[in-house]
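*Asks:* need a 3D model of the sequence below.
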Amino acid sequence: MTVLNLKNIEKSYPSPKGGTLQILQDINLKIEKGETIAIIGRSGSGKSTLLSLMAGLEKPSSGTIEINQEQIATFSEQQLANFRKQTLGIVFQQFHLMPYLNALENVALPLELQKNKQAQKIAATWLDKIGLKNRKTHYPSQLSGGEKQRVAIARALINNPTLLLADEPTGNLDEATGEEISQILFELVKEKQMTLILVTHNKELAQVCDKRFLLQQGVLNEITI
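*Replies:* I've put the predicted structure just below:
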């Protein structure tokens, strides 16, 4: 089953000097259920822009984006919001935890927004799964970088998304913590049979994925490293 299908994706922005600034050029990518994909490239190559398009946070200048055979570029903002809740999980480099919520409440948030009465119970199970059972009442300011990223991963996965998007998930962590977090991430993805798209500078992390792509000057090509 095809989870993600990008067809002839182009993305450009108006240039301050006039004309347009081309970020992505004729990108085609088809990803099947359960595949893990790494996208690597230099800073400014458009990796985060591509991930934003996949998440429906931005719309392409041209081309189509299909997730589970649905063209998300045609969705209204409300349809997109509902679609993200049900289908997507997103892990950011900067964690993006709510500072006024403790670890349990941060993980439970996606289910709370859906009025799920079991939200906190399910969140507690996830905290146990990622090894933070004893940190559930701690706030982000009381957690280490690795602990924050574990909470962010649990929050992204609590809905059992079809597609998980991870933007430099180990980028703000030291090497040892980064390895630990990536191991947790891949174990959970495999356990839940999710599809993972990982944007990273880390070639060792990219090698763990089934396929690797290089984004260079707006063009995406599969590579071997």
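*Asks:* going by C-alpha atoms from here, please, whenever you check contacts or count neighbours.
*Replies:* OK.
*Asks:* contacts for the helix or strand hosting residue 7?
*Replies:* Per DSSP states H and E, residue 7 falls inside strand 2-14. With contact meaning C-alpha atoms under 8 Å, 6 or more residues apart in numbering, strand 2-14 is reached by 20-33, 60-69, 162-163, 195.
*Asks:* what residues are up against residue 179?
*Replies:* residue 170.
*Asks:* if I look at it, how far off is residue 140?
*Replies:* Separation of residue 179 from residue 140 (C-alpha to C-alpha, to the nearest Å) stands at 21 Å.
*Asks:* stretch 162-175: which residues count as buried?
*Replies:* 162, 163, 164, 165, 166, 167, 168, 169, 170, 173 (16 or more other C-alpha atoms under 10 Å).
*Asks:* pLDDT of that stretch, averaged?
*Replies:* Across stretch 162-175, the average pLDDT comes to 85.
*Asks:* follow-up on the earlier one: the strand holding residue 7: what's the following helix or strand?
*Replies:* Counting by DSSP H and E, what follows strand 2-14 is strand 20-32.
*Asks:* which parts of the chain are strands?
*Replies:* 2-14, 20-32, 36-40, 62-67, 70-71, 88-91, 163-167, 195-199, 211-216, 219-223 (DSSP state E).
*Asks:* got those strands as a markdown table, with distance to residue 186 columns?
*Replies:* A markdown table is the format used below for the strands of the chain (distance: least, C-alpha to C-alpha, whole Å):
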| stretch | distance to residue 186 |
| --- | --- |
| strand 2-14 | 18 |
| strand 20-32 | 17 |
| strand 36-40 | 9 |
| strand 62-67 | 21 |
| strand 70-71 | 26 |
| strand 88-91 | 13 |
| strand 163-167 | 11 |
| strand 195-199 | 9 |
| strand 211-216 | 14 |
| strand 219-223 | 21 |
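*Asks:* most centrally placed residue in the protein?
*Replies:* By C-alpha atoms, centre = their mean, the chain has its centre lying nearest to residue 165, at 1.9 Å.
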